[in-house]
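Asks: no sequence for this one, just the structure:
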């Protein structure tokens, strides 16, 4: 089965967005009160920031990827 580079990027972006939404829901208002946040909450906040930057980079890459370029998919 073949998947295009664009499809792979779209899937990755969607999965990362779902992860960001989940982590954001788990943090709730804790991210607002950074001075009182636990080390775990601060780490989750850092992860959210890193994932947000990664999503932006993948979106930029997606716009530069030719549509017809395919990638081999390894059997599961």
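Replies: Happy to help now that I have it. Small disclaimer: the values here were computed from a predicted structure and weren't measured.

Asks: what's the single longest helix in this protein?
Replies: helix 39-64 (DSSP state H).

Asks: which parts of that one are buried?
Replies: For helix 39-64, the neighbour count (16 or more other C-beta atoms under 10 Å) marks 41, 44-45, 48, 51, 55 as buried. Any C-beta I mention is one placed from the backbone N, CA and C, and that applies to glycine too.

Asks: would CSV of the residues you listed with pLDDT be doable?
Replies: Output for the buried residues of helix 39-64, formatted as CSV (pLDDT from 0 to 100):
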residue, pLDDT
41, 81
44, 86
45, 87
48, 93
51, 96
55, 96
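
Asks: of those, which is the nearest to residue 62?
Replies: Using C-beta to C-beta, residue 55 is the member of the buried residues of helix 39-64 that sits closest to residue 62, with 10.2 Å.

Asks: residues contacting the closest one?
Replies: Residue 55 makes contacts with 13, 16-17, 20, as judged by C-beta atoms under 8 Å, 6 or more residues apart in numbering.

Asks: show me the shaky parts of this protein.
Replies: Applying pLDDT under 70 to the chain flags residues 29-35, 67-76.
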